[in-house]
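In: sequence and predicted structure, then a few things I'm wondering about:
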Amino acid sequence: MTASRMEALQPDFRRVQRGALLVGAIGLALCAVGAVVSLDQFFQSYLVAYLFWVEIALGCCALVMLHHLVGGRWGFLIRRPLEAGAMTLPLMALLFVPLLFGLHALYTWTHADVVAGDEALRHKSLYLNVPFFVIRTVAYFAIWCGLAALLNRWSLAQDRTAEPRLMPRLRRLSALGLVVYALTASFAAIDWVMSLEPDWYSTIYGMLIMVGQGLATLAFATVVVVWLADREPLARVITPDRYNDLGNLLLTFVILWAYMSFAQFLIIWSGNLPEENSWYLHRSAAGWQWLIVFLALFHFALPFLLLLSHAVKRRGRRLALLAAAIVAVHLVDTYWLVAPAFHPAGLYLSWLDFAAPVGIGGVWIAAFVWLLARKPLLPLHDPRMPEVPSYE
């Protein structure tokens, strides 16, 4: 892609970046006000918002590794948005810092009196303690940021040199990286989310979170690709077949998310153990049950039916609208996973639950667009796509 073509896109990128920064600054300012008004509610809302955006950043890293490992035209189109999203992980590490000051407000296992009165927590205290929690979190981000940096560096090197040995190197890194990702993302889900209710456990919880990451990330990347579809060089390579590929992948993730969600419920329901079913009991009563209905309809049933249609999958604007809706509904899913731990008595919404996602999201999108604008929108010299016309 020539420098002049890339330069022609800069006004669009700068416009989005400025708008996102402005919205993000307003959202974070409201969060600062909320922290003064109710510090506990600030930490709770910030955690939900943070988990939502870090899932997309981490999902970008996972999907780009999946593409390097298995190939496919679908990944060729969204590879640069995925690489840009993965490179926001250092920012997400920085944005985790406020949560370190709220561990006592968020996690009951940080309270010595609660641990002393709970035999199960006493047994878990070797793992669930503040120093080890912080060490694990630092390790997660060090690993994730390292993977993202290597993927980005070797991808840029491939653009510059067309070195054929870089593709096998990326493939080997991705094979190992996906294993490491699965382990670290599962433990992070246990640490950051499941330990909100430390007496409860699920053996497939980490996989459920990772599938949600993949769904939200793929939907987000689809929106970005459709936004750029009328611009060079994507305008030369995007066809209804490529949209159809992305739609089929979205359908796969929608089905997989529903399967994992129901599998976890079925296992816990059939076991009928008090220490397990309590998690579902206060998420299916006192108003929280309506979120289950909402998620069943708009996180599975409606996307599933619409993605069966070629009229949706093969038309960019329709597919982007559906993908944007999936991203928004996934925020509700994240809220349903987290918020009942703080409000088991009934459904509760705070204005901070809206301000925090906007604040973090504005900053994240501004960083994402800045990173996306620094590289050609399509990878150069990718030997897996010989039929793509030259756009250098």
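Out: Arrived safely, thanks for sending. Numbering: from 1, shown residues only.

In: in terms of secondary structure, what does the longest helix seen in the chain contact?
Out: Criterion DSSP state H: the longest helix present in the chain is helix 3-37. If you count contacts as 3 or more C-beta pairs under 8 Å, 6 or more residues apart in numbering; DSSP states H and E, helix 3-37 packs onto helix 39-70, helix 352-372. Glycine gets a C-beta too; all of them are placed from N, C-alpha and C.

In: to G19, which of the ones you listed lies closest?
Out: Nearest of those to G19, taken as C-beta to C-beta: helix 352-372 at 8.3 Å.

In: if you count contacts, what does the closest one end up packed against?
Out: Applying 3+ C-beta pairs under 8 Å, 6+ apart, we find helix 352-372 packed against helix 3-37, helix 39-70, helix 73-86, helix 89-95.

In: so how far is it from its chain's centroid?
Out: Computed by C-alpha atoms, centre = their mean, to the nearest Å, the chain-centroid distance of helix 352-372 equals 13 Å.

In: tell me the buried residues in that helix?
Out: Within helix 352-372, the residues that count as buried by 16 or more other C-beta atoms under 10 Å are 352-353, 355-372.

In: right, and the helices and strands packed on helix 352-372 - which one's nearest A185?
Out: Closest among these, using C-beta to C-beta: helix 39-70, at 6.3 Å.

In: so which bits of the closest one are buried?
Out: Under the neighbour-count criterion of 16+ other C-beta under 10 Å, helix 39-70 has 41-69 buried.

In: what's the neighbour count on A29?
Out: 12 (other C-beta atoms under 10 Å).

In: show me what contacts it?
Out: By C-beta atoms under 8 Å, 6 or more residues apart in numbering, the contact list for A29 reads G359.

In: give me the pLDDT for it.
Out: Per-residue confidence (pLDDT) for A29: 97.

In: what's the answer for L95, then?
Out: Reading off the model, L95 has pLDDT 97.

In: quick one: residues contacting it.
Out: By C-beta under 8 Å, 6+ apart, the contact set of L95 is 50, 53-54, 360, 363.

In: and which of those is nearest to R14?
Out: For the contacts of L95, the nearest to R14 is V363 (16.0 Å; C-beta to C-beta).

In: helix or strand with the lowest mean pLDDT in the protein?
Out: When each helix and strand of the chain is scored by mean pLDDT, DSSP states H and E, helix 234-237 comes last, with a mean of 80.

In: enumerate the positions of it that are buried.
Out: 234, 237.

In: can you check stretch 173-191 too?
Out: Of the residues in stretch 173-191, those buried (16+ other C-beta under 10 Å) are 173-174, 177-178, 181, 184-191.

In: repeat for stretch 252-263
Out: For stretch 252-263, by 16+ other C-beta under 10 Å, it's 253-258, 260-261.
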